[in-house]
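1. when you get a sec, could you give me coordinates for this:
(chains A and B)
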Amino acid sequence: MLDRALLRNNSDRVRAAAVNKGEPCPIDEWLELDERRRSLLGETEELRRRRNELSKEVSSLKKEGKEADARILESRETGEKIASFEKDLDATDARMSELELYFPNIPDPDVPLGSDETFNRIILTVEEKPSFDFKALPHWELLGELFDQKASGSIAGSNFILLRGWAAWLQRILINWMMDFHHRADMEEIWVPFLANRESMTSTGQIPKLEDDMYHIEKDDLFLVPTGEVPLTNLYRDSILQENDLPIRIFGYSPCFRREAGSYGKDTRGLNRVHQFEKVEMVQMVKPENSEATLEKMAVHVGEMLELLNLPYRISLLATGDLSFAAAKCYDFEVWSAGQEKWLEVSSVSNFRDFQSRRGGIRYRPAGGGKLQYVHTLNGSGLALPRIMAAIIENGQTESGKIMLPKVLAERTGIEILG
RNA sequence: GGAGAGGUGGCCGAGUAUGGCUUAAGGCGUACGCCUGCUAAGCGUAUGAGAUUAACGUCUCCGAGGGUUCAAAUCCCUCCCUCUCCGCCA
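-> Sure, this is the predicted structure:
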């Protein structure tokens, strides 16, 4: 959500941001309503002031034992007028609030301008791609029956994952390794609910835009979380923090549920695009002046993980058209997957500035006093499991179809080769 | 799912029986000042949020939403959440 003052005074910036992100922008309707609202508000407040005044007069007249019928009558008539004004005012305000949910966040000035991912700027490539003197296989062939699509299909449906044997084991130890890595970086581990309510989904920005991409439990009006970002960020919804509570640095594991409605094609093969995947997510809440530096630090942290896992990777600064609705700036991390011979997105690290904290009411009190400020929120995947699994399996394959584990995992588990 | 008790400013906590000097007491915390070799303590002052306005000011907010009333933190209805006990259950 954007500041109403910004919408009112910088409507051109809002309009430009929406165009660059490829989002609709109901700013003209909003501006009209804003005019109307302020005028209604003035009149309503004047009437309410009068009613308050009359109430006091009635009160003191009655105390003196005098009659107050004239005042009571006027107060009643004023009340009726107020009710009619309020009805109009409430409707106007409600419509404005509804529209405000549709304004996307404004991209940072250094975000490349462009309508889609072809405008993303690759800012770093750590490219020591493995080479094989045999034909490298994609992970689904290497996994074979350990990646049991027939079973997951019959249990849940297509594009759900069922892993067996060492494949299941690898995913579990990867999750543990990732979480321990964040632990050592001095973040607080959080175990979160995997379902979230409508308010939570609205504050992080999934609702209204992505509502149809989520699994929804109608009976309880709950959503299966599409990312750990939702419960982690909403941990501090509607709260006022002290300045020395900041920065808040938390992380947690969650499965991520996405309907992926309408996305079919070759990208859906294997572990690349599925309805439920596992992910470890980091969230930080910082003072506004620190969010840019924090974004860089989080990106470095994610890069370290990929280097430890010995995965070739590259970092893209997303262009405006590829930037998500709520983000102001985002780095995407992609790892090289040798069997498929392509880059797979495994992490997004984003700065949301005050966009989510406004929606969710996450503020802090500056140490020297003064007005409450909205925190800046950031999040980053650290990391998304299935594609990391795919890359580890494909990059570590041997001619005989076994998998060499990255050193860091081999040392941790005492197991060097899978399969 | 059933019964009971609760939800009031950053936090704690009065106020609800009897609607109207509540402009929400008091405390903690915080800020500033005073005082004391330093520190701690003590004393004094200030201190909720939001909307609107050039400003003064005005209005709104006591879990959420309705209702009654000239007037609602207070009375009525619906819902949500927390705690305790019971039921069910991994």
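2. low-confidence bits of the stretch 201-350 of chain A, can you list those?
-> Across the stretch 201-350 of chain A, the ranges flagged by pLDDT under 70 are A:262-266.
3. can you name the residues bridging to the residue of it found nearest RNA strand B?
-> When scored by C-beta to the nearest atom of the strand, the stretch 201-350 of chain A has residue A:240 as its residue closest to RNA strand B, at 3.9 Å. Yep, even glycine has a C-beta here, placed from its N, CA and C like the rest. Taking DSSP bridges, one obtains residue A:363 as the residues bridged to residue A:240.
4. dump the residue contacts of it.
-> Contacts for residue A:240 (C-beta atoms under 8 Å, 6 or more residues apart in numbering) come out as A:363, A:364, A:365, A:372.
5. ok, it to residue A:229 distance?
-> Separation of residue A:240 from residue A:229 (C-beta to C-beta, to the nearest Å) stands at 21 Å.
6. contact partners of stretch A:29-48?
-> Under the criterion C-beta under 8 Å, 6+ apart, residues A:4, A:7-8, A:11, A:78, A:81-82, A:85-86, A:88-89, A:92-93, A:95-96, A:99-100 lie in contact with stretch A:29-48.
7. could I get the full set of strands for the stretch 201-350 of chain A?
-> Applying DSSP state E, counting those that start in this stretch to the stretch 201-350 of chain A gives strands spanning A:216-217, A:222-224, A:239-242, A:248-257, A:276-286, A:313-317, A:329-337, A:342-353.
8. would you turn those into CSV with distance to residue A:415?
-> Below are the strands of the stretch 201-350 of chain A laid out as CSV (distance: least, C-beta to C-beta, whole Å):
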stretch, distance to residue A:415
strand A:216-217, 39
strand A:222-224, 33
strand A:239-242, 43
strand A:248-257, 22
strand A:276-286, 20
strand A:313-317, 24
strand A:329-337, 21
strand A:342-353, 23
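9. ok, back up a step: of the contacts of stretch A:29-48, keep whichever come out buried.
-> Listed as buried from the contacts of stretch A:29-48 are A:7, A:11, A:78, A:82, A:85, A:89, A:92, A:93, A:95, A:96, A:99, A:100; burial here means 16 or more other C-beta atoms under 10 Å.
10. and the fifth one, which of the three is it?
-> The three-state assignment at residue A:85 reads helix, by DSSP: H, G, I helix; E, B strand; the rest coil.
11. how about it, nearest residue that isn't a chain neighbour?
-> residue A:44 (4.3 Å; C-beta to C-beta, 6 or more residues apart in numbering).
12. can you check the fourth one too?
-> Spatially, and ignoring its direct neighbours in sequence, residue A:82 is nearest to residue A:47 (4.8 Å; C-beta to C-beta, 6+ apart).
13. against RNA strand B, how distant is that neighbour?
-> Applying C-beta to the nearest atom of the strand, to the nearest Å, the value for residue A:47 to RNA strand B is 9 Å.
14. what's around the closest residue to residue A:407 other than its chain neighbours, how many residues?
-> What sits nearest to residue A:407 in space, not counting adjacent residues and going by C-beta to C-beta, 6+ apart, is residue A:310, at 6.8 Å. By other C-beta atoms under 10 Å, 18 other residues sit near residue A:310.
15. ok, now residue A:119?
-> The tally of other residues near residue A:119 (other C-beta under 10 Å) stands at 17.
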